[in-house]
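Asks: Fold the following.
(one chain, ligands or ions: 1)
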Amino acid sequence: MALEQSELDLIRDSIRKITEDFDLEYWRLKDKKKEYPWDFKDALAAGGWLGMLMPEEYGGMGLGLTEVGVVLDELGQRCGFNANSVFQYYVFPPGPVIHHGSDEMKKEFLPRLASGEEMMCFGVSEPDNGVDTSRLKTFAKKDGGRYLVNGRKVWISNALNAHRILLLTRTRPRDPERPFDGMTLFLTHLKGKKGVEINRIDKIMRNAVDSNEMVFENFEVFENEIVGEEGRGFRCLIDGLNPERIAVAQTCIGLGRGALNLAVQYSKDRIVFDRPIGKNQAVAHPLAESWIRLEAADLVTQKAARLFDEGKACGPEANAAKFLASDAAFEAADRAMQFHGGFSMSTEYHVSRFWMEARHLKIAPISQQMVLNFISDKVLGLPKSY
Ligand SMILES: Cc1cc2nc3c(=O)[nH]c(=O)nc-3n(C[C@H](O)[C@H](O)[C@H](O)COP(=O)(O)OP(=O)(O)OC[C@H]3O[C@@H](n4cnc5c(N)ncnc54)[C@H](O)[C@@H]3O)c2cc1C
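Replies: Sure thing, here's the model as predicted:
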């Protein structure tokens, strides 16, 4: 169900109203104190926004990524990546459950997620295999009616507070002929469960939302917690990857515009040599160029979101959107740093947060190099290099 522009504008207005209670200073302090923004999450939940992508029959709004993009752009601009991360964990991690979960799983889980009663995390990355997911080692071994999981995950965001984890494991050793077969995806309870240790990573950005190393030792999971079929977990996960790329592109556009807004305001206010620094073309032109690049990235991102919402293939567009948007966002944030001069180094001016957040999004969840690998191989038909 595609919404009219006037309805998208209403979504933007509603989110803008929410952000009025959560300004940049609120986020600076949450980031500094490494505190999860519960009151912000509750405000999103109260408006029903956490269930935007979830089907109406499971308590969601049944909307698409086009509408989600408006929220991510607005949150990115006004709050920064901490806010987007809170919201994003309700956007793409539930995807494999929505598309491949059993009806029972969906009925039991999705309404709790949509209402904000539960939180989830997404457990894919491991310390030793990097972006080559086929080599993940966390193993779920069948033991009667249950499985026992052993292994390590890294960077798993939200795990400190999440009630459940979407956990990718191997249930068969890697077969070099079919390296992506033999993986199984579980949606399983996490909070208060034995067999898992969660250690927060001390990181340089987005500190209101935790990222963690996880160690699993005989961690119990059950057959009815399998998402899709045993051994076909990676195929189920893939359905969540294009929306993740599109959502990250939407976030980047918001972050880039947020940094640009700060830079423009500062360039109007800061007087050096008896004139605003923005009167110098050496300052004005790079800012104008960033505006243009963000608009261009936004158009590709909107195309990718529209294709996804129409149920069409969108791999090339989703990857291109992520590439263009994270580049444009980092460039805008870097220029915002430059034109804030020495004050860019003070956290009170907020630009440094946008800068580090945008830098991060050139690396994760997929690096620029891996996007180029995908386009070279899958779009241009060049020999696969990875
Ligand atoms: C803050 C944060 C939050 C995260 N949250 C989550 C989460 O919630 N859940 C989760 O599962 N993961 C999460 N991640 C992990 C994230 O998805 C990975 O860090 C990311 O995919 C990069 O993987 P890596 O660090 O292992 O890079 P590596 O695979 O070690 O790669 C290192 C560099 O080498 C390059 N490279 C490697 N191979 C090639 C090649 N063949 N060609 C060209 N370049 C290559 C890569 O592009 C990259 O630049 C998070 C990461 C961070 C930093």
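Asks: List phi and psi for whatever residue of the chain ends up closest to the ligand.
Replies: Nearest to the ligand, among the residues of the chain, is Gly130, at 2.3 Å (CB to the nearest ligand atom). All C-beta spots, glycine's among them, are computed from the backbone N, C-alpha and C. In this entry, Gly130 is assigned phi and psi values of phi 60, psi -140 (degrees, to the nearest 10).
Asks: distance of it from Asn242?
Replies: 21 Å (CB to CB, to the nearest Å).
Asks: out of these two, which sits in the more crowded spot?
Replies: Asn242 (25 against 11; other CB atoms under 10 Å).
Asks: buried ones in the helix or strand harbouring that one?
Replies: Element membership for Asn242, per DSSP states H and E: helix 233-269. For helix 233-269, the neighbour count (16 or more other CB atoms under 10 Å) marks 233-237, 240-260, 262-264, 266-267 as buried.
Asks: Which positions in the stretch 101-250 of the chain make contact with the ligand?
Replies: Within the stretch 101-250 of the chain, the positions adjacent to the ligand are 121-125, 130-131, 155-157, 203, 206, 211 by CB under 6 Å from any ligand atom.
Asks: mind listing what Pro316 touches?
Replies: Phe374, Ile375, Lys378, Val379 (CB atoms under 8 Å, 6 or more residues apart in numbering).
Asks: actually Trp155, sorry about that
Replies: Ser125, Ile201, Ser211, Asn212, Glu213, Ala364.
Asks: would it count as being in a strand?
Replies: Yes. Remark: Trp155 belongs to a strand, assigned using DSSP: H, G, I helix; E, B strand; the rest coil.
Asks: And the pLDDT at it?
Replies: In this model, Trp155 is scored at 98, pLDDT.
Asks: buried set for stretch 291-310?
Replies: Quick answer for stretch 291-310 (16+ other CB under 10 Å): 291, 293-294, 297-298, 300-309.
Asks: Please identify which of those is nearest to Arg353.
Replies: Taking CB to CB as the measure, Arg353 lies nearest Leu294 of these, at 17.8 Å.
Asks: Which strand or helix spans that closest one?
Replies: Secondary-structure element containing Leu294, defined by DSSP H and E: helix 281-309.
Asks: Domains of the protein: list them as residue ranges, please.
Replies: With domains defined by automatic domain parsing, the chain comprises 5-115, 120-232, 235-379.
Asks: can you list these in CSV and add distance to Tyr386?
Replies: As requested, the domains of the chain are exported to CSV (distance: least, CB to CB, whole Å):
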stretch, distance to Tyr386
domain 5-115, 23
domain 120-232, 8
domain 235-379, 5
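Asks: that older thread, packing partners of the helix holding Leu294?
Replies: Counting contacts by 3 or more CB pairs under 8 Å, 6 or more residues apart in numbering; DSSP states H and E, helix 281-309 is packed against helix 65-78, helix 233-269, helix 315-339.
Asks: any chance of the ones you listed in CSV, plus mean pLDDT?
Replies: As requested, the helices and strands packed on helix 281-309 are arranged in CSV below (pLDDT from 0 to 100):
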stretch, mean pLDDT
helix 65-78, 98
helix 233-269, 96
helix 315-339, 98
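Asks: Distance to His189 for these - can I get that in TSV?
Replies: Shown next, in TSV, are these (distance: least, CB to CB, whole Å):
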stretch	distance to His189
helix 65-78	27
helix 233-269	18
helix 315-339	31
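Asks: Quick one: closest of the ones you listed to Glu108.
Replies: Per CB to CB, nearest to Glu108 of those: helix 233-269, 17.9 Å.
Asks: so the closest one versus helix 315-339, what angle?
Replies: 30 degrees (axes from the mean of the first three to the mean of the last three CA atoms, to 10 degrees).
Asks: Skip ahead from helix 233-269 and say which helix or strand is next.
Replies: strand 271-272.
Asks: That following strand pairs with which strands, and in what direction?
Replies: With DSSP bridges as the test, strand 271-272 is paired with strand 275-276 (antiparallel).
Asks: Which of the contacts of Pro316 fall in strands?
Replies: If you go by DSSP state E, these have nothing in strands.
Asks: one step back: could you give the angle of the helix holding Leu294 to helix 233-269?
Replies: 150 degrees.
Asks: Now do the strands in the stretch 101-250 of the chain.
Replies: Taking DSSP state E, counting those that start in this stretch, the strands of the stretch 101-250 of the chain run over residues 120-123, 139-143, 146-157, 164-170, 183-189, 196-200, 211-222.
Asks: Can you list the helices and strands that the fourth one packs against?
Replies: Contacts defined by 3+ CB pairs under 8 Å, 6+ apart place strand 164-170 against strand 120-123, strand 139-143, strand 146-157, strand 183-189, helix 233-269.
Asks: what's the distance between that strand and the middle of its chain?
Replies: Relative to its parent chain, strand 164-170 has a centroid offset of 17 Å by CA atoms, centre = their mean, to the nearest Å.
Asks: and if you look at stretch 266-274?
Replies: On CA atoms, centre = their mean, the centre of stretch 266-274 falls 36 Å from that of its chain.
Asks: now do the same end-to-end measure for that stretch.
Replies: 15 Å (CA to CA, to the nearest Å).
Asks: all numbers from here: first residue = 34
Replies: From this message on, residue numbering opens at 34, which makes the last subject stretch 299-307.
Asks: Enumerate every residue touching Cys269.
Replies: With contact set as CB under 8 Å, 6+ apart, Cys269 has these partners: Pro129, His132, His133, Leu218, Val260, Gly261.
Asks: Perfect, that will be all.
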